[in-house]
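Trainee: have a look at this fold, sequence not included:
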Ligand SMILES: NC(=O)C1=CN([C@@H]2O[C@H](COP(=O)(O)OP(=O)(O)OC[C@H]3O[C@@H](n4cnc5c(N)ncnc54)[C@H](O)[C@@H]3O)[C@@H](O)[C@H]2O)[C@@H](O)CC1
Ligand SMILES: Nc1ncnc2c1ncn2[C@@H]1O[C@H](COP(=O)(O)OP(=O)(O)O)[C@@H](O)[C@H]1O
Ligand SMILES: [K+]
């Protein structure tokens, strides 16, 4: 799913109005009506007090359209105008007049803290104060209004995005933002819903279709994309009937050290489960027996050293290499790693201590070949890029790094973001059950396995991150967040593949009723 920028959203609105020959007021009517339909479908006329807080821009206009419809349908609605600026938009004013014609209970003007209404914990707040047009921090009293919302504990539904949140930067003061339970966003979700600094401002979100011009939606290239099942179905490579293990590549995994062989075992199992034809591991001698015993499907090559890697040499011809898992930072390992980077021509994934070694020897950045995949967690990313001011600064630095070295950066987090040059791909699967040792090693195994099978490195990264998270989403149903382990992610990977083609439950039920299968 495309995530449009603020500028693109404004352009889409304008183009839609022109092409569909409608006014911006009619588009606002559509937007507000969609919000109303969403609420009406769930509330069915229930008389819970609904407090609609409208700003003076178009977000406030949406709120007024909604409030008018709620009044018309007999809801218990209280309407407020958050009178924070003289600059009211045309469509706000039109809808302000319309609401005055609809009800004698005109909107209440809020000008300061003394005007704040009482809000009960079982009431509903609709936040239509600011949308994507916010261009400076709200006034102090408006910030206090947002805190008043939060203190009330009422269910808070934000329109388009929680007020006080910018579409393209991180707000400085968390008290100056509405903490929404749910956000109904027009046209596309906003990037800020997925970033560690700002995702806390909405627990859940949903996109409402307001009939923006289809051609515009399809043809506009966006910098950010949300990756879900639909995107993955188009890149999935089916297994051929007359195929054999040679068809699906030979993955080589390099890493491990005394006490950290588990990382390599998890990676190897992840690679195998991703569908690679053959897997070989290159590890220090001490890992030979554990690896052979736990992963009999994988072949093992060993370093001359017992405890660490000192010289990476092999006589196989891998189709993809994944390295760095549990590898350690010994100087001899560093030299072997550097030498390997210089000579390697095979598509490469670098993780964990591979990234740490690069970060310690920044001169080696130049050895990163185009299309190399790096999979840092936040701490490794910081070692690689230096510290950042906020999430937007982090993404800017990540894009610059990717552009400079033409590499793919898999920035791991609750919503992993894969960065390739100027594009950001946000993953939609995964859960906090993954916050446990070894899950990253499994991910590297899966990426390597997919590249070995012929997926392009970028596609392999996106698909692996998606499958890894999906597997955890399925496994968590059986194990819960606390007991989910990296091994479960491997065990459920098959379910994640199968889920790609699972029919949505509704469709399945309909087909069962009509006797289809
Ligand atoms: N396709 C879409 O997404 C559509 C969006 N619409 C709505 O339009 C919104 C954008 O509307 P606007 O551009 O009018 O802007 P908003 O209503 O989001 O924002 C605030 C308005 O107040 C002013 N302002 C900004 N920061 C302020 C501050 N700190 N204190 C006081 N005033 C401030 C701005 O000049 C702007 O006019 C969207 O978020 C959405 O709710 C709909 O009406 C129509 C369709
Ligand atoms: N709260 C979370 N929600 C979703 N995914 C998470 C969460 N925490 C961690 N993950 C995922 O788990 C993996 C952890 O990787 P990493 O930190 O490298 O672990 P390790 O080095 O122990 O293998 C990443 O894929 C990351 O995106
Ligand atoms: K809002």
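Mentor: On my side now, so go ahead. On a predicted model such as this, the values are computed, not experimentally measured, just so you know. Ligands and ions are numbered 1, 2, ... in the order given.
Trainee: count the neighbours of the closest residue to ligand 2 within the stretch 151-300 of the chain for me.
Mentor: Across the stretch 151-300 of the chain, the shortest distance to ligand 2 (C-beta to the nearest ligand atom) belongs to residue 263, at 6.8 Å. (Each C-beta comes from the backbone N, C-alpha and C, glycine too.) Residue 263 has 28 neighbouring residues, counting by other C-beta atoms under 10 Å.
Trainee: where's it, which helix or strand?
Mentor: helix 261-274 (DSSP states H and E).
Trainee: which residues touch whichever helix or strand comes after that helix?
Mentor: Per DSSP H and E, the first helix or strand lying C-terminal to helix 261-274 is strand 278-283. Contacts to strand 278-283, defined as C-beta atoms under 8 Å, 6 or more residues apart in numbering, come from residues 245-246, 248-256, 261, 264, 267-268, 271-272, 287, 291, 295, 297-303, 309, 312, 314, 316, 318, 449.
Trainee: next, the closest residue to residue 338 other than its chain neighbours: secondary structure please.
Mentor: Among residues not flanking residue 338 along the chain, residue 364 sits closest, at 5.9 Å (C-beta to C-beta, 6 or more residues apart in numbering). When classified by DSSP: H, G, I helix; E, B strand; the rest coil, residue 364 comes out as helix.
Trainee: residue 364 touches residue 341, doesn't it?
Mentor: Yes: using C-beta atoms under 8 Å, residue 364 is in contact with residue 341, at 6.6 Å.
Trainee: now do the contacts for the residue of the chain found nearest ligand 2.
Mentor: The nearest approach of the chain to ligand 2 comes at residue 440, 2.1 Å away (C-beta to the nearest ligand atom). For residue 440, the contact set (C-beta under 8 Å, 6+ apart) comprises 351, 352, 375, 377, 412.
Trainee: what about the residues you listed, which one has the most neighbours?
Mentor: residue 351 (32 neighbours).
Trainee: measure it to residue 412 for me?
Mentor: With distances taken as C-beta to C-beta, to the nearest Å, residue 351 is found 10 Å from residue 412.
Trainee: now swap in residue 131 and tell me
Mentor: 31 Å.
Trainee: from ligand 3, how far off is residue 58?
Mentor: Distance of residue 58 to ligand 3, given as C-beta to the ion, to the nearest Å: 11 Å.
Trainee: residues touching the residue of the stretch 151-300 of the chain closest to ligand 2, list them.
Mentor: By C-beta under 8 Å, 6+ apart, residue 263 lies in contact with 255, 256, 325, 326, 352, 438, 441.
Trainee: distance of the fifth one relative to ligand 3?
Mentor: As for residue 352, its distance to ligand 3 is 41 Å (criterion: C-beta to the ion).
Trainee: please name the nearest non-neighbouring residue to that residue.
Mentor: Nearest one to residue 352, counting by C-beta to C-beta, 6+ apart, is residue 324 at 4.5 Å.
Trainee: quick one: contacts for the one you found?
Mentor: Taking C-beta under 8 Å, 6+ apart as the test, what residue 324 contacts is 254, 255, 350, 351, 352, 353, 354, 355, 356, 357, 444.
Trainee: residue 231 now?
Mentor: 1, 225, 462.
Trainee: show me the contacts for the first one.
Mentor: Listed by C-beta under 8 Å, 6+ apart, the contact set of residue 1 reads 188, 189, 207, 225, 226, 228, 230, 231.
Trainee: what's the answer for the second one, then?
Mentor: With contacts taken as C-beta under 8 Å, 6+ apart, residue 225 has the following neighbours: 1, 2, 3, 231, 423, 424, 425, 426.
Trainee: for the buried ones among the residues you listed, write the corresponding ChimeraX selection.
Mentor: Here is the ChimeraX command that selects the buried residues among the contacts of residue 225 (16 or more other C-beta atoms under 10 Å):
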select :2,3,231,424,425,426
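Trainee: where does pLDDT dip in the stretch 401-517 of the chain?
Mentor: Where the stretch 401-517 of the chain drops to pLDDT under 70, the residues are 505-517.
Trainee: quick check: residues of it near ligand 2?
Mentor: 412-414, 416, 430-432, 434-435, 437-441, 443, 468 (C-beta under 6 Å from any ligand atom).
Trainee: residues of the protein that sit close to ligand 2?
Mentor: 352, 377, 412-414, 416, 430-432, 434-435, 437-441, 443, 468.
Trainee: give me that answer again for 8 Å
Mentor: Contact residues, the chain versus ligand 2 (C-beta under 8 Å from any ligand atom): 263, 266, 325, 351-352, 375-377, 380, 412-416, 427, 430-444, 465, 468-469, 472, 486.
Trainee: ok, of the residues you listed, which come out buried?
Mentor: 263, 266, 325, 351-352, 375-377, 380, 412-413, 415-416, 427, 430, 433-434, 436, 438-444, 465, 468-469, 472, 486.
Trainee: just those: which are in helices?
Mentor: 263, 266, 352, 380, 439-444, 465, 468-469, 472, 486 (DSSP state H).
Trainee: how about residue 394, what does it touch?
Mentor: Residues near residue 394 by C-beta under 8 Å, 6+ apart: 381, 385, 388, 411.
Trainee: any of those buried? List them.
Mentor: For those, buried by 16+ other C-beta under 10 Å: 381, 385, 411.
Trainee: near ligand 3, which residues of the stretch 101-250 of the chain?
Mentor: The stretch 101-250 of the chain has residues 127, 158, 159, 163 near ligand 3, with proximity defined as C-beta under 5 Å from the ion.
Trainee: report the two of those residues separated the most.
Mentor: 159 and 163 (8.7 Å; C-beta to C-beta).
Trainee: overlap in contacts of the two?
Mentor: 59, 127, 128, 131.
Trainee: any idea which element the second one lies in?
Mentor: When you say that, I think you mean residue 127. In the assignment (DSSP H and E), residue 127 maps to strand 124-128.
Trainee: looking at the stretch 101-250 of the chain, which residue is nearest ligand 3?
Mentor: Taking C-beta to the ion as the measure, the stretch 101-250 of the chain has residue 163 as its residue closest to ligand 3, at 4.2 Å.
Trainee: surely residue 403 touches residue 421?
Mentor: Yes: the pair residue 403 / residue 421 is scored as a contact, 4.9 Å apart, by C-beta under 8 Å.
Trainee: one step back: number of residues surrounding the residue nearest to residue 338?
Mentor: 16.
Trainee: can you give me the pLDDT of it?
Mentor: Residue 364 carries a pLDDT value of 95.
Trainee: also residue 104?
Mentor: 89.
Trainee: quick one: it is in a helix?
Mentor: No: the assignment for residue 104, made by three-state DSSP, is coil rather than a helix.
Trainee: helix, strand, or coil at the residue nearest to residue 152 when sequence neighbours are not counted?
Mentor: Computed as C-beta to C-beta, 6+ apart, the closest residue to residue 152 that is not its neighbour in sequence is residue 119, at 3.8 Å. Under three-state DSSP, residue 119 falls in the coil class.
Trainee: ok, now which ones touch residue 119?
Mentor: Contacts for residue 119 (C-beta under 8 Å, 6+ apart) come out as 51, 125, 148, 149, 152, 154.
Trainee: give me phi/psi at the nearest residue to residue 172 once chain neighbours are set aside?
Mentor: Distances taken as C-beta to C-beta, 6+ apart put residue 137 closest to residue 172, at 7.0 Å, once the chain neighbours are dropped. Main-chain dihedrals, residue 137, degrees, to the nearest 10: phi -60, psi 150.
Trainee: least trustworthy helix or strand in this protein by mean pLDDT?
Mentor: helix 505-513 (a mean of 56; mean pLDDT, DSSP states H and E).
Trainee: pretty sure residue 499 contacts residue 466?
Mentor: No: Residue 499 is not in contact with residue 466 according to C-beta under 8 Å; the separation is 10.4 Å.
Trainee: tell me, what's touching the two both at once?
Mentor: With C-beta under 8 Å, 6+ apart as the test, residue 499 and residue 466 both reach residue 229.
Trainee: more neighbours: the two, which one.
Mentor: Legend: neighbour count by other C-beta under 10 Å for residue 499 and residue 466, higher for residue 466 (26 against 16).
Trainee: right, I'll leave it there.
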